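Novice: Build me a structure from this.
(2 chains)
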Amino acid sequence: MSLVDVRDLRVDFGGLRAVDGLSFRLEQGAALALVGESGSGKSTVASALLGLHRGTGARVAGTVEVAGTDVQTASEEELRRLRGGKAAMVFQDPLSSLDPYYAIGDQIAEVYRLHARVSRRAARARAVEVLDRVGIPDAARRSRARPHEFSGGMRQRALIAMALACEPGLLIADEPTTALDVTVQAQVLDLLHTLREETGMGLLLVTHDVGVAAESIDEVLVMQYGRAVEHGPVAGVLGSPAEPYTRELLAAVPRLDAPAKAPAEPEEVVLEASGLRREFGRGKRAVTAVRDVSLTLRRGETLGIVGESGSGKTTLGRMLVGLLEPTAGSLRFEGRAHTGVNPAVQMVFQDPVSSLNPRRSVGESIADPLRARGERDEGRIRRRVGELLERVGLEAAHHDRYPHEFSGGQRQRVGIARALAADPRVIVCDEPVSALDVTTQAHVIDLLGELQRELGLALVFVAHDLAVVRQVSDRVAVMRQGSVIEEGPVGEVYASPRDPYTRQLLAAVPALDPEAAARRRAERRELAAV
Amino acid sequence: MTGFGGFVLRRAVGALVTLLVLSVIIYVVFYVTPGNVAQITCGPRCSPAQVQQVAEQLHLNDPLFERYWHFLQGLVAGQDYSTGTAVQHCSAPCLGLSYQSDQQVTALILAKLPVTASLALGAMVLWLIIGVGTGVLSVWRRGRPTERLLTTLTLAGMSTPVFVIGLVLMIVVCGQLELLPFPQYVAFTEDPEQWAWNLLLPWLSLALIESATYARLTRAAMLETLAEDHVRTFRAYGVGERAIIRRHALRGAVAPLIAVNANNIGVLFGGAVLTETLFGLPGIGREMVEAVKVVDLPVVVGMVLVTGFFVVLANAVADVLYAVADRRVVLT
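Specialist: Okay, the predicted model is just below:
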């Protein structure tokens, strides 16, 4: 009997069909990844496996059998035994997936006691055991901590520990590493890998990141619009994809081994930062977010800034734009000292949802920099906004639409148009594509490159994704704990990193090829052992 | 200073400043209010000479600053007052003597405070039980007729004035059914049982009105928590609805309940004027209204300071409870 057997699954939300006739099987101990972009229905499938759509208004048809339980016809009691006992789920966002009010050990114990008739004390001991198993140091003491006292990676480990508590035959992981830094992501994926080897549990991995899938599984099922596009062994699907959509998806994934950008001709320096430093807070609680960073940026080039969360890259970006006053150090723009906001240096923000005012039309948002410059002629403003919209691949007729009417990628285009409105010489992009699907990401990156060539813009590209940064940048600066620890031409830094931290970061990037992934995993073990 | 000691110290200083500012404001307000205070205090049949004498005695002709300074002195060091024939010593903290009765304001407040405190604390216990209970029930039965009924009832509760409920309760319970005698305040120290029976109707009238707010608050906070990701986690691990509501959703309602309750109880310590009047309870609220009517400045200042003190105290206690309920909160 298969561990999971899904036949002709259909899920409707109101009039919307999220999953449309999907069938697949997963054998005991095997690992399958559902890969697809947002809206492909992959998470809906994961929820259906545990019957989580019951009572939500979603209509589910077809058969779903998990570990011998027919999820569609099971009683509430049978479902409760399935959930956590036979099949456990690890959710995407470890920040919000634990109850903030209770100790982590107590939350794991609560779940364990539902499925095992044991005393409170024994459940608590089990919680410590599984926390220790997933690599939480000093598990007995840390099990008394609340979720906010754990880092993102540790919270994800805690969630995996919760899943392990009842020794389920199936682990469903819904984007388990999406909110994590690359090095932490690699640790979590390695942990899942080891646990599978040891416990022989089956794994269903739901992810938008093909690289994450390649690292962890045997089989891939590529989804689009709620249907299976391609299904097969991981090496086959990723190595020689049969379907055009799979090929498109793979082509859009930034790779470390793709040809790098042709280096830009050295031109005059536009922006120069020397000894930039920024502290937050005062006295004993002062935190130095950026310490003594010096950079130069030339016309027409892209400087990539990579680092993990908390490395100070966003703070640095904001200082370059003049949104934050440096505690020490200075900025020179085109040879002259400059403080405060500079219209010639613009910014594109990470989150295209929250960086546009939802109550104003996109045209008004784009017109802001024009009005700020003193333009009063409504006709001219409208014409210019129309040009900008067309310039970023939208239509002039979109002027009066509101942000919610656009997709994520389109909203990011609006953000870029707004930055362009001030006729900038420099654009600082803070994680401009990290909230987007890979294919959309590729389009936005292409657009930025095009604009750079045509307008001779200098770009600062702040991102945590090393492959994306390599693809777009001429030079790259690696940040850690507020300092730039390594800087140089992209080719050099990626091919022969001097700093051990840079090597660690590069080893953590998921590879698309399962063999390379295995090699990297071994490499990481070596690096960790040093 | 850090930790709990530092927190208490900072709050105490903050409270002191708040109360001083409050007292200054009242002094200024009363100073600029039109009307002859001496005439009002003396009575309509006083001769101009007598009025002049009263004004002298109450220092009404002194400049505002001097009178306020006098008040502060009494507060810190106590004060001797000559009331025509005898000299009365008012020891610190002295809030002065009532213009009307020459009674010490401190004594006056101490006499009224137990009444108001009894009313406020008893009502609080009831409204928390009724309110949170109703809230939880309406979440548990969400989407069913019970919930709609409860929602309607709480809306009705919120929009009913306390004297309507109070009157109806009194007429039905005391008048028609004769289950209870008409309330008459009995001190707790005198007879605890009679104290409770006599306060039952005032408590109920206040609690029924207030519990509507708490029911809605509890319901809203719980529904919000139920929509959060961590609840989804526990559902996916087979935790039943009852445990989800009891352990996880209700916990999310604790913080807002503490905040709103602190404010309510603090204000109530300044007197529930309508309830006290309706049930003939000799509490702070009624006394204050009387004092304002006759411009009895020392009494008004004293009462306002006591109210202010309890609001500040209730909020400080709420902050401590907040930090206990939610470990992410750091006391500052």
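
Novice: any low-confidence regions in the stretch 1-150 of chain B?
Specialist: Residue ranges of the stretch 1-150 of chain B with pLDDT under 70: B:1-2, B:83-84.

Novice: what number of residues lie near whichever residue of it sits closest to chain A?
Specialist: Proximity of the stretch 1-150 of chain B to chain A (CB to the nearest CB) peaks at residue B:143, 9.6 Å away. Quick note: C-beta positions are derived from backbone N, CA and C, even for glycine. Neighbour count for residue B:143, taken as other CB atoms under 10 Å in any protein chain shown: 8.

Novice: Tell me if it really is in a strand.
Specialist: No. The assignment for residue B:143, made by DSSP: H, G, I helix; E, B strand; the rest coil, is coil rather than a strand.

Novice: At which residues are the helices of the stretch 1-150 of chain B located?
Specialist: With helices called from DSSP state H, counting those that start in this stretch, the stretch 1-150 of chain B shows them at B:3-32, B:37-42, B:48-57, B:64-77, B:105-140, B:145-159.

Novice: residues contacting the residue minimising distance to the centre of chain A?
Specialist: In chain A, the residue lying closest to the centroid (CA atoms, centre = their mean) is residue A:178, at 4.4 Å. The neighbours of residue A:178, taking CB atoms under 8 Å, 6 or more residues apart in numbering or on different chains as the test, are A:92-93, A:207-209.

Novice: Grab the two from those that are most spread out in space.
Specialist: Longest distance between any two of the contacts of residue A:178 is 15.0 Å, between A:93 and A:209; criterion CB to CB.

Novice: which parts of chain B sit against chain A?
Specialist: Within chain B, the residues that sit near chain A (CB under 8 Å from any CB of the partner chain) are B:228-240, B:243, B:247-248, B:251-252, B:325-328.

Novice: switch the cut-off to 6 Å
Specialist: Those residues of chain B that sit near chain A, judged by CB under 6 Å from any CB of the partner chain, are B:229-230, B:233, B:236-238, B:248, B:251, B:327-328.

Novice: Can I get the buried part of these as one ChimeraX selection?
Specialist: One line in ChimeraX is enough to select the buried ones among the residues of chain B next to chain A; burial here means 16 or more other CB atoms under 10 Å in any protein chain shown:
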select /B:230,233,236,237,238,248,251,327
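
Novice: Switch the residues of chain B next to chain A over to JSON lines; also include secondary structure.
Specialist: Compiled in JSON lines, the residues of chain B next to chain A are given as follows (three-state DSSP):
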{"residue": "B:229", "secondary structure": "helix"}
{"residue": "B:230", "secondary structure": "helix"}
{"residue": "B:233", "secondary structure": "helix"}
{"residue": "B:236", "secondary structure": "helix"}
{"residue": "B:237", "secondary structure": "coil"}
{"residue": "B:238", "secondary structure": "coil"}
{"residue": "B:248", "secondary structure": "helix"}
{"residue": "B:251", "secondary structure": "helix"}
{"residue": "B:327", "secondary structure": "coil"}
{"residue": "B:328", "secondary structure": "coil"}
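
Novice: And the residues of chain B next to chain A, which is the shakiest by pLDDT?
Specialist: Model confidence across the residues of chain B next to chain A bottoms out at residue B:327, which has 76.

Novice: quick one, what contacts that residue?
Specialist: Neighbouring residues of residue B:327 by CB atoms under 6 Å, 6 or more residues apart in numbering or on different chains: residue A:146.

Novice: Now it: phi and psi?
Specialist: Here the main-chain torsion angles of residue B:327 (degrees, to the nearest 10) amount to phi -70, psi -10.

Novice: Go through the residues of chain B next to chain A and say which is closest to residue A:19.
Specialist: Distances from residue A:19 to these, taken by CB to CB, are shortest for residue B:236, at 18.0 Å.

Novice: right, and the closest one touches residue A:89 too?
Specialist: Yes. Between residue B:236 and residue A:89 a contact is recorded at 4.6 Å, counting by CB atoms under 6 Å.

Novice: tell me the phi and psi of residue A:4?
Specialist: The phi/psi pair for residue A:4 (degrees, to the nearest 10) reads phi -130, psi 130.

Novice: Contacts for stretch A:185-200, please.
Specialist: Under the criterion CB under 6 Å, 6+ apart, residues A:29, A:156, A:177, A:203, A:215-216, A:508, A:524 lie in contact with stretch A:185-200.

Novice: Identify the farthest-apart pair in those residues.
Specialist: A:29 and A:508 (26.6 Å).

Novice: between these two, who's got more neighbours?
Specialist: More crowded of residue A:29 and residue A:508, by other CB under 10 Å: residue A:508, with 22 against 16.

Novice: contacting residues around the more buried one?
Specialist: If you count contacts by CB under 6 Å, 6+ apart, residue A:508 has them with A:182-183, A:186.

Novice: Need the residue closest to the centroid of chain B.
Specialist: Among the residues of chain B, residue B:268 comes closest to the average C-alpha position under CA atoms, centre = their mean, at 1.8 Å.

Novice: Now for residue A:471, which secondary structure element holds it?
Specialist: helix A:466-472 (DSSP states H and E).
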